[in-house]
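Student: sequence and predicted structure are below.
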Amino acid sequence: MHELSLMSQLLADATAATEGAPIHALKVRVGPLSGVVPEALRFAFESLIPGTPAANARLDLEETPLRFHCLRCHADYATPLGLYNCPQCGATDSELRGGNELELISIEVPDHV
Amino acid sequence: MCDTCGCGDPHLHPHDHAHDHAHDHTHHHEHGHGHSHDHVHDHAHGHAHPPARTIEVQKPALALNQRYADQNRGWFRAKGLTVFNLLSSPGSGKTTLLEHTLRAVPGCAAVVGDLQTENDANRLRATGAPAVQITTGATCHLDAHMVAHALPKLNLDGVTRLFIENVGNLVCPASYDLGEDRRVVLLSVTEGEDKPQKYPVIFHNADLVLITKCDLAEAVGFDRDKALTIIRQVAPRAQILEVSARTGQGMAEWQAWLSS
């Protein structure tokens, strides 16, 4: 939830990093445990960019899988939301290794900037 | 002046550190080549772009809340406070649980969040413990900044445990670290055994899942085995306790957990 305010923050961070130069693309990483819906993030992006340095930018969303490390058998596994048992040994004692991100990874700007 | 809320308190607000600067990662390519990414591009434009370069940022969207949360955490530690963030649907029994807890356990205080009214803080203050209300207006969750503003209003002499009763909401509060030590997610027997499957994010992050209103379990046909199985699937690292604040069932175990 809150994709609009979160995307607003991401755009502010992007603009700060480029000091207001035109932005070609934003690369954003979003995981299933972030509580954020990628489609809503994209909709927020389209709503917010007009009249900004990102007005013609592309949004590259990297949707990361939910990944765990089993503390019992040391398997690394990916799993859908809500089902976290280790597929190898069935243990529920595992450590989150990825899938809760919402972050601005990088920005693409014109080369002469 | 604080950009977040417009207040002028210089002590509450972390400074913008230099580590937020972007790294320049020179990476020339023509737009329109296939990138070796494993995600879908949305190419909305037909025209060719001039050569471009990539600037690495690597910054979480919630970095500012995290800074406030970390600041709160440091402050709590300095004051010797153990802090609990209570999360649940509206009406799961957070305030009633706290009423009984604040009466029974010395050295407790509470911060309560609601959109409107001071009702919950009034109820908690009636126990004799310090409590302060945050009225968010329309915001559906507490964030670390709001909590930071509320803390100076509390008399924390002799207090070792602080409860933050979050806004009743199983969605948004999950994303906002408040600086707490432990997250407690309440699930009342009237809400349905599969609730954790419907709200996996908030349950996944729980240190304790507290099943409440157990005195009503029989009346609503609560399937305890099913609920426990589902909680263990969705929140495998959470402890589970069952209570009825009204009858006192499980309250000793709840108080023991607070000290563990």
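Tutor: Sure, I can see it.
Student: okay, CA-based contacts and neighbour counts for the rest of this
Tutor: OK.
Student: for the residue of chain B found nearest chain A, give me its contacts.
Tutor: Of chain B, the residue with the smallest distance to chain A, taken as CA to the nearest CA, is B:Pro60 at 3.8 Å. Applying CA atoms under 8 Å, 6 or more residues apart in numbering or on different chains to B:Pro60 gives the contacts A:101-104.
Student: contact partners of the helix ranked longest in chain A?
Tutor: Looking across chain A with DSSP state H, the single longest helix is helix A:3-18. The contact list for helix A:3-18 (CA under 8 Å, 6+ apart) reads A:21, A:26, A:36-37, A:40-41, A:44-45, A:48, A:53-54, A:103-104, A:107, A:109, B:21-22, B:55, B:57, B:59, B:61-62.
Student: show me where the stretch 151-260 of chain B has strands.
Tutor: B:161-165, B:182-188, B:208-212, B:239-242 (DSSP state E, counting those that start in this stretch).
Student: still on that earlier bit, next, the residue of chain B closest to chain A: phi, psi?
Tutor: Phi and psi for B:Pro60, reported as degrees, to the nearest 10, are phi -70, psi 150.
Student: rewinding a little: out of the contacts of B:Pro60, which is nearest to B:Thr160?
Tutor: Each of the contacts of B:Pro60 was scored against B:Thr160 by CA to CA, and A:Glu101 proved nearest at 33.0 Å.
Student: poorly predicted segments of chain B, please.
Tutor: Applying pLDDT under 70 to chain B flags the ranges B:1-50.
Student: got the strands of the stretch 151-260 of chain B as a markdown table, with mean neighbour count columns?
Tutor: Shown next, in a markdown table, are the strands of the stretch 151-260 of chain B (neighbours: other CA atoms under 10 Å in any protein chain shown):
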| stretch | mean neighbour count |
| --- | --- |
| strand B:161-165 | 23 |
| strand B:182-188 | 24 |
| strand B:208-212 | 24 |
| strand B:239-242 | 18 |
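Student: could I get these as JSON lines with distance to chain A?
Tutor: Below are the strands of the stretch 151-260 of chain B laid out as JSON lines (distance: least, CA to the nearest CA, whole Å):
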{"stretch": "strand B:161-165", "distance to chain A": "20"}
{"stretch": "strand B:182-188", "distance to chain A": "16"}
{"stretch": "strand B:208-212", "distance to chain A": "15"}
{"stretch": "strand B:239-242", "distance to chain A": "12"}
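Student: can I get these in CSV with distance to A:Ala75?
Tutor: Formatted as CSV, the strands of the stretch 151-260 of chain B follow (distance: least, CA to CA, whole Å):
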stretch, distance to A:Ala75
strand B:161-165, 37
strand B:182-188, 27
strand B:208-212, 26
strand B:239-242, 24
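Student: sorry, back to before: who touches the helix or strand that the longest helix of chain A is followed by?
Tutor: On the C-terminal side of helix A:3-18, the closest following helix or strand by DSSP states H and E is strand A:25-30. Contact partners of strand A:25-30, identified using CA under 8 Å, 6+ apart, comprise A:14, A:36, A:38, A:54, A:57-64, A:99-109.
Student: among these, which are in strands?
Tutor: Among these, the members falling in strands (DSSP state E) are A:58-63, A:102-109.
Student: wait, A:Leu59 sits on A:Arg42?
Tutor: Yes - in this structure, A:Leu59 is within contact of A:Arg42 by CA atoms under 8 Å, at 7.3 Å.
Student: neighbour-wise, which of the two wins?
Tutor: Taking neighbours as other CA atoms under 10 Å in any protein chain shown, A:Leu59 and A:Arg42 compare with A:Leu59 leading, 22 against 18.
Student: what sits against B:Ser88?
Tutor: Residues in contact with B:Ser88 (CA under 8 Å, 6+ apart) are B:94, B:166, B:168-170, B:185-187.
Student: can you pick out the most distant pair from the residues you listed?
Tutor: The most widely separated members of those are B:Asn166 and B:Leu187, with 14.1 Å between them, by CA to CA.
Student: those helices in the stretch 1-150 of chain B, which residues are they?
Tutor: For the stretch 1-150 of chain B, the helices defined by DSSP state H, counting those that start in this stretch occupy B:63-78, B:94-104, B:119-125, B:144-150.
Student: CA atoms only for the first one, dumped as CSV, please.
Tutor: Backbone C-alpha positions of helix B:63-78 (Å, rounded to 0.1, in the frame of the first residue of the first chain) are rendered in CSV as follows:
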residue,chain,number,x,y,z
ALA,B,63,15.1,5.1,4.2
LEU,B,64,13.8,8.2,6.0
ASN,B,65,11.4,6.2,8.2
GLN,B,66,14.2,3.8,8.9
ARG,B,67,16.5,6.7,10.1
TYR,B,68,13.8,7.9,12.5
ALA,B,69,13.2,4.3,13.6
ASP,B,70,16.9,3.8,14.3
GLN,B,71,17.0,7.1,16.2
ASN,B,72,14.0,5.9,18.3
ARG,B,73,15.7,2.6,18.9
GLY,B,74,18.8,4.3,20.2
TRP,B,75,16.7,6.6,22.4
PHE,B,76,14.7,3.6,23.8
ARG,B,77,18.0,1.7,24.6
ALA,B,78,19.4,4.8,26.3
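Student: which residues touch that helix?
Tutor: For helix B:63-78, using CA under 8 Å, 6+ apart, the contacting residues are B:13-14, B:82-83, B:143-145, B:148, B:176-181.
Student: got a quick PyMOL command for the buried subset of the residues you listed?
Tutor: Buried members of those, defined by 16 or more other CA atoms under 10 Å in any protein chain shown, are picked up in PyMOL with:
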select buried, chain B and resi 13+82+83+143+144+145+148+177+178+179+180+181
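Student: how many residues are close by B:Gly248?
Tutor: B:Gly248 has 12 neighbouring residues, counting by other CA under 10 Å.
Student: who touches it in this structure?
Tutor: For B:Gly248, no contacting residues are found, by CA under 8 Å, 6+ apart.
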